[in-house]
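1. fold the stuff below for me.
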Amino acid sequence: MSPLARTSPAAFRVALRRSPKLARGFGLHHLKDHTAHHNMPFTYDNRRKFATRYALSAVTFFCVPFIAAGYQLHKSGGAA
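-> As a prediction, the model looks like this:
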């Protein structure tokens, strides 16, 4: 039997009472800044920086399958 199944519901209630009420953030931004339409884990105040990073990551993620296929063809000697 797993340890979770052996734990009584009363022990869970005690643990929940002892746990902090606020959710912890992941260090990306403060949780108090969550307002309407400001719930992204990063800032995009500098639009040029955001657009550059977005474009580079999109191009990278798009090219990864083609690079992998080319590598596999080259490795097997199938590419002309």
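
2. contacts, neighbours, all on C-alpha from now
-> Noted.

3. run through the neighbouring helices and strands of the helix or strand in which residue 54 is found.
-> Per DSSP states H and E: residue 54 is located in helix 47-76. Here helix 47-76 touches no other helix or strand, going by 3 or more CA pairs under 8 Å, 6 or more residues apart in numbering; DSSP states H and E.

4. average pLDDT across it?
-> Averaging pLDDT along helix 47-76 gives 93.

5. buried set for it?
-> Of the residues in helix 47-76, none is buried under the neighbour-count criterion (16 or more other CA atoms under 10 Å).

6. show me what contacts residue 57?
-> Not one residue lies near residue 57 by CA atoms under 8 Å, 6 or more residues apart in numbering.

7. relative to residue 50, how far out is it?
-> 11 Å (CA to CA, to the nearest Å).

8. again with residue 63
-> 20 Å.

9. also residue 59?
-> Counting by CA to CA - residue 59 and residue 50 are separated by 14 Å.

10. same check, this time on residue 58
-> 12 Å.

11. cool, and residue 69?
-> Counting by CA to CA - residue 69 and residue 50 are separated by 30 Å.

12. same deal with residue 73?
-> In this view, residue 73 and residue 50 are 35 Å apart by CA to CA.

13. and if you look at residue 66?
-> Remark: distance between residue 66 and residue 50 (CA to CA) = 25 Å.

14. then residue 56?
-> Counting by CA to CA - residue 56 and residue 50 are separated by 10 Å.

15. what do you get for residue 13?
-> Taking CA to CA, one finds residue 13 at 44 Å from residue 50.

16. for residue 8, what are phi and psi?
-> phi -80, psi 150 (degrees, to the nearest 10).

17. next, count neighbours for it.
-> Residue 8 has 9 neighbouring residues, counting by other CA atoms under 10 Å.

18. could I get the CA-only coordinates of stretch 58-70 as CSV?
-> C-alpha atoms of stretch 58-70 as CSV (Å, rounded to 0.1, in the frame of the first residue of the first chain):
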residue,chain,number,x,y,z
ALA,A,58,10.2,30.1,-33.7
VAL,A,59,12.8,29.7,-36.5
THR,A,60,14.9,27.4,-34.3
PHE,A,61,11.9,25.2,-33.4
PHE,A,62,10.8,25.1,-37.0
CYS,A,63,14.3,24.0,-38.3
VAL,A,64,15.0,21.3,-35.7
PRO,A,65,13.1,18.5,-37.6
PHE,A,66,14.8,19.4,-40.9
ILE,A,67,18.2,19.4,-39.3
ALA,A,68,17.5,16.1,-37.6
ALA,A,69,16.3,14.5,-40.9
GLY,A,70,19.4,15.9,-42.8
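
19. cool, thanks, talk later.
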